[in-house]
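[1] here are the coordinates; sequence isn't available:
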Ligand code: ZN
């Protein structure tokens with residue numbers, strides 16, 4: 001990854017962590033999931049509101065490091081309005097991206113999106129769980145109605 005691209009990605013992560021999108025409670029949520037990453041101390045509450053078979057809105061609250069918050073913020077934007085099945089697929093895509101080795105090319109579907117900025121964490125294996133936390137929480141809620149999710 002070029003130094004310019006890395007700087008751009010770092011800025012995007014910082015922006016999202018400083019001013020996270022959808023950082024609020026959703027009163028009419030259909031799913032509320034508590035996600036924790038004990039390794040880092042990230043603890044997020046994720047809310048998902050469905051409209052039939054569509055994800056109407058996703059929001060989150062809680063506290064976590066910059067990476068976990070930025071990742072959750074990007075996630076809320078990406079999943080809003082998605083069909084449930086597409087949301088699950090997107091989450092699996094992102095997870096695969098985060099778990100891939102550093103040198104692997106980004107999936108074309110994701111390369112242009114701001115979430116690609118998260119791929120930079122692949123250089124820091126201990127931070128990968130911070131980045132996957134919120135995604136894992138929504139995946140757990142949508143696939144098995146999970147109410148708590150932990151990265152451990
Ligand atoms: Zn963290």
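    On my side now, so go ahead. None of these values were measured; they are calculated from a predicted model.

[2] tell me where this protein is predicted with low confidence.
    Counting by pLDDT under 70, the ranges of the chain that qualify are 1, 5, 112.

[3] which parts of it sit against the ion?
    By CB under 5 Å from the ion, the residues of the chain that approach the ion are 40, 42, 65, 68, 130. C-beta here means a position set from N, CA and C on the backbone, and glycine is covered the same way.

[4] so the first one: helix, strand or coil?
    In the three-state summary, residue 40 is assigned as coil, counting by DSSP: H, G, I helix; E, B strand; the rest coil.

[5] contacts only, for it.
    The neighbourhood of residue 40, defined by CB atoms under 8 Å, 6 or more residues apart in numbering, consists of 64, 65, 68, 126, 127, 129, 130.

[6] name the nearest of these relative to residue 105.
    residue 127 (20.6 Å; CB to CB).

[7] excluding chain neighbours, what is closest to the closest one?
    Excluding the flanking residues, the one nearest residue 127 by CB to CB, 6 or more residues apart in numbering is residue 121, at 4.7 Å.

[8] quick one: the helices in the chain?
    Assigned by DSSP state H, the helices in the chain fall at 3-18, 66-79, 84-99, 108-111, 128-144.

[9] for the last one, packing partners?
    In other words, helix 128-144. Secondary-structure packing of helix 128-144 (3 or more CB pairs under 8 Å, 6 or more residues apart in numbering; DSSP states H and E): strand 31-37, strand 42-51, helix 66-79, helix 84-99, strand 148-150.

[10] between helix 3-18 and that helix, find me the angle.
    Interaxial angle of helix 128-144 relative to helix 3-18 (axes from the mean of the first three to the mean of the last three CA atoms, to 10 degrees): 60 degrees.

[11] re the thing from before, and the helices of the chain: which comes nearest residue 58?
    Judged by CB to CB, the one of the helices of the chain that comes nearest to residue 58 is helix 66-79, at 4.4 Å.

[12] one step back: neighbours of the residue nearest to residue 127, how many?
    By other CB atoms under 10 Å, the residues close to residue 121 number 22.

[13] and stretch 34-51, what's buried?
    Using 16 or more other CB atoms under 10 Å as the test for burial, stretch 34-51 gives 35-37, 40, 42-50.
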